[in-house]
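Trainee: Everything below, folded, please.
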Amino acid sequence: MMTTTPLSLSNLSPAVHLRLKDASARRTGSRRVRASLRAAEVFEPGPTVSTSGVVATHRVTVHDRQRGVTHEFVVPEDRYILHTAESQDITLPFACRHGCCTSCAVRIKSGQIRQPEALGISAELKEKGYALLCVGFACSDVEVETQDEDEVYWLQFGRYFARGPIERDDYALELALADE
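Mentor: This next block holds a predicted model:
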């Protein structure tokens with residue numbers, strides 16, 4: 001059995017340091033920090049290390065629907081899934097790399113992904129099993145399936161558009177371009 005202990009402050013990522021610093025400032029009453037935290041997620045515990053100092057790793061399986069391939073690779077618990085895949089020459093869909101869009105969105109089939117910086121998907125979608133690989137950390141062995149970016153965007157924001165998805169109108173586009 002592997003014994004785990006929380007990471008020390010010196011081993012935490014810069015993002016976790018920032019959250020801890022922000023939480024400390026919130027307790028002391030900093031207005032600037034309180035305002036920046038309104039949109040932030042609740043702090044999620046980070047990776048754990050064994051007593052020997054080794055960070056746990058997890059097997060990640062990504063079914064890439066758009067390309068029709070499946071990738072399997074090992075990800076340390078303290079590294080983003082997308083970055084680890086790229087370091088192993090695995091190409092996965094992405095755009096912003098900051099958790100703000102839905103290009104790298106996946107649906108979790110099994111396992112658990114921690115994604116404290118995933119602003120591109122709502123808490124509701126996270127509860128339904130969606131995650132962003134660019135800011136996702138594997139917490140266990142994980143199996144995911146890539147999603148169509150437009151489909152996830154519609155799930156995220158579609159309820160705000162009364163008439164449904166916008167159909168492309170090539171004729172209107174031609175008129176607009178001809179007018180310039």
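Trainee: Surely Ile121 and Cys134 touch.
Mentor: No - in this structure, Ile121 is not within contact of Cys134 by CB atoms under 8 Å, at 11.4 Å. No exception for glycine: its C-beta is placed from N, CA and C like everyone else's.
Trainee: higher neighbour count, these two?
Mentor: Cys134 (26 against 22; other CB atoms under 10 Å).
Trainee: Confirm that that one sits in a helix.
Mentor: Yes - judged by DSSP: H, G, I helix; E, B strand; the rest coil, Cys134 forms part of a helix.
Trainee: low-scoring pLDDT stretches of the protein, where are they?
Mentor: The chain contains residues with pLDDT under 70 at 1-52, 159-169, 172-173, 179-180.
Trainee: again, 90 this time
Mentor: Within the chain, the segments meeting pLDDT under 90 span 1-54, 96, 100-101, 119-120, 148-180.
Trainee: Show me where it has its helices.
Mentor: Here the chain has its helices, by DSSP state H, at 14-28, 31-37, 81-87, 123-127, 149-157, 170-179.
Trainee: So which bits of stretch 58-71 are buried?
Mentor: Counting neighbours by 16 or more other CB atoms under 10 Å, one finds that the buried residues in stretch 58-71 are 58, 60-64.
Trainee: Same question for stretch 137-149.
Mentor: Using 16+ other CB under 10 Å as the test for burial, stretch 137-149 gives 137-139, 142-144, 146-147, 149.
Trainee: swap in stretch 117-132?
Mentor: For stretch 117-132, burial by neighbour count (16+ other CB under 10 Å) applies to 117-121, 125-126, 130-132.
Trainee: How about the contacts made by Gln66?
Mentor: Contacts for Gln66 (CB atoms under 8 Å, 6 or more residues apart in numbering) come out as 93, 146, 148.
Trainee: Format the buried residues of stretch 58-71 as JSON lines; extra columns: distance to Val75.
Mentor: As requested, these are exported to JSON lines (distance: CB to CB, whole Å):
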{"residue": "His58", "distance to Val75": "6"}
{"residue": "Val60", "distance to Val75": "5"}
{"residue": "Thr61", "distance to Val75": "11"}
{"residue": "Val62", "distance to Val75": "10"}
{"residue": "His63", "distance to Val75": "16"}
{"residue": "Asp64", "distance to Val75": "16"}
